[in-house]
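1. Quick one: sequence plus predicted model below, questions after.
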Amino acid sequence: MKKIIVRADDLGYSKGVNLGIEESVRNGIIRSVGFMTNMPESRNGYDLIKDLDVCLGQHTNICVGKPLCDPKDIPSLVDEKGEFKSSKTYRSAKEDFVDLDEVILEIEAQYEKFKEITGKEPAYFEGHAVASDNFFKGLQIVANRHGLDYLGMSFDGTVPFRNQKVRMCMDSVNKEYDPTAFLKQIAEAEDEENTIPVMVCHPGYLDAYILRTSSLLEPRALEVEMATSSKVKRWLEDHDVQLITYDDLK
C-alpha cells in the first residue's frame, strides 16, 4: 500500500483561505495543516478546525502581514509600514538581507503564539518558502532549541523527518496545474524505501485580501475541489493509497 501525506499550508492567511482549508479537512482528504500564527485571521482559522482530526504544524511566515515582534526590533524583515517585506522583494534581492538574530526573534514569537492559541506543540515545524538562507538557519536553530521536528529545504525536495525521509511535491505554480492529475502522479510514482511523498497544497476560497496579497489564486480553489472530490477519494481507495500524517511517522 502506498502511503502519502496531503498537506495544506496557510491556515490563518485570510477568511477565504480558512474556509477552504476547513472544507478540505472536514469533507476531504487533507489531514495535515500548516498554521500561520501572525495573521489577523489566525485564531478564527484555528477555531474552524480545532475539533477535527488534523495534524497541525507551524507554517512560519515572514513575507505577508504584520510581524508579532515590534517592527523596530526586526528592521531587516519589514517595510516602511512595519509590515513584512513581500515574497517579490525576497525574489528580487541580490543578497540575503535577513538578519539572523532578528529573524530568530520573530520565529520564536510565532512559535509562542502557536502554543498560546492551540495549547499544544506543533506536530511539525517549517517555513513559508522565501529566498533567504538566514530564515531557514533561524528555523533550524529555534527547532533545535525547543526539540521540534523541523522540515527543512533541499534542492530535490527530500528532507529527513524523524527516522524517515519525506519528499515535498508541489506543482501549483504550473500554469497547466491539475491538482487531481498531480495527486495521482505522486501516488503512482516510485519512491526510495523509507521515503514518504508529501503533496503540498494551499486550498482556499478567494477573498479581497488574498487577491491583493498573493500571486497564488486559482490553484487554491481547484485544490479545495480536488480534496473534497468523491471521485478522488474513490480512486485512492481503488489504488490502495493510504493517507497518513506527520504524526504517523514515528
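-> On my side now, so go ahead. Numbering: from 1, shown residues only.
2. which other helices and strands contact the top helix by length along the chain?
-> The longest helix of the chain (DSSP state H) is helix 100-118. Secondary-structure packing of helix 100-118 (3 or more CB pairs under 8 Å, 6 or more residues apart in numbering; DSSP states H and E): helix 42-49, strand 55-60, helix 133-146. (C-beta placed from N, C-alpha, C; glycine too.)
3. again, 10 Å this time
-> Counting contacts by 3 or more CB pairs under 10 Å, 6 or more residues apart in numbering; DSSP states H and E, helix 100-118 is packed against strand 32-35, helix 42-49, strand 55-60, strand 125-127, helix 133-146.
4. after the last one, next one along is what?
-> Beyond helix 133-146 in the direction of the C-terminus, DSSP states H and E gives the next helix or strand as strand 158-161.
5. Pull out the buried residues from the helix or strand just after that following strand.
-> Toward the C-terminal end, the helix or strand that comes next after strand 158-161 (DSSP H and E) is strand 164-169. Neighbour counts over strand 164-169 (16 or more other CB atoms under 10 Å) mark 165-169 as buried.
6. Closest one of those to Asp53?
-> Lowest distance from Asp53 to those (CB to CB) belongs to Val166, with 20.1 Å.
7. How about Gln110: what's its closest non-neighbour residue?
-> Using CB to CB, 6 or more residues apart in numbering and skipping the chain neighbours, the partner closest in space to Gln110 is Thr37 (4.8 Å).
8. Helix or strand: which one has that neighbour?
-> Per DSSP H and E: Thr37 is located in neither a helix nor a strand.
9. Could you check how far it is from Phe114?
-> 5 Å (CB to CB, to the nearest Å).
10. Which residues are in contact with each of these two?
-> 46, 58-60, 122 (CB atoms under 10 Å, 6 or more residues apart in numbering).
11. Could you find the closest non-adjacent residue to Asp53?
-> Using CB to CB, 6+ apart, the closest residue to Asp53 is Arg31 (7.2 Å).
12. Export the longest strand along the chain to PDB, keeping only CA atoms.
-> Using DSSP state E to define each element, the chain has its longest strand at strand 2-11. Extracted in PDB, the C-alpha atoms of strand 2-11 (Å, rounded to 0.1, in the frame of the first residue of the first chain):
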ATOM      1  CA  LYS A   2       1.400   3.400  -1.000                       C
ATOM      2  CA  LYS A   3       1.500   6.000   1.800                       C
ATOM      3  CA  ILE A   4       1.300   9.700   1.100                       C
ATOM      4  CA  ILE A   5       0.700  12.900   3.000                       C
ATOM      5  CA  VAL A   6      -1.500  15.600   1.600                       C
ATOM      6  CA  ARG A   7      -0.800  18.900   3.400                       C
ATOM      7  CA  ALA A   8      -2.500  22.200   3.400                       C
ATOM      8  CA  ASP A   9      -0.500  25.400   4.100                       C
ATOM      9  CA  ASP A  10      -1.600  28.900   5.100                       C
ATOM     10  CA  LEU A  11      -4.300  28.400   7.800                       C
END
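13. tell me which residues in it are buried?
-> 2, 4-11.
14. do stretch 115-129 as well
-> So, applying 16+ other CB under 10 Å, buried residues of stretch 115-129: 117-118, 121-129.
15. before we move on, back to that, tell me which of the helices and strands packed on helix 100-118 lies nearest to Lys94.
-> Nearest of the helices and strands packed on helix 100-118 (CB to CB): helix 133-146, 13.5 Å.
16. Pull out the buried positions in that closest one.
-> Those would be 134-136, 138-143, for helix 133-146 by 16+ other CB under 10 Å.
17. May I have the residues that are in contact with the residue lying closest to Lys137 once chain neighbours are set aside?
-> Leaving out its chain neighbours, the residue that sits closest to Lys137 by CB to CB, 6+ apart is Leu100, at 6.1 Å. Counting by CB under 10 Å, 6+ apart, Leu100 touches 76, 132-135, 137-138, 141.
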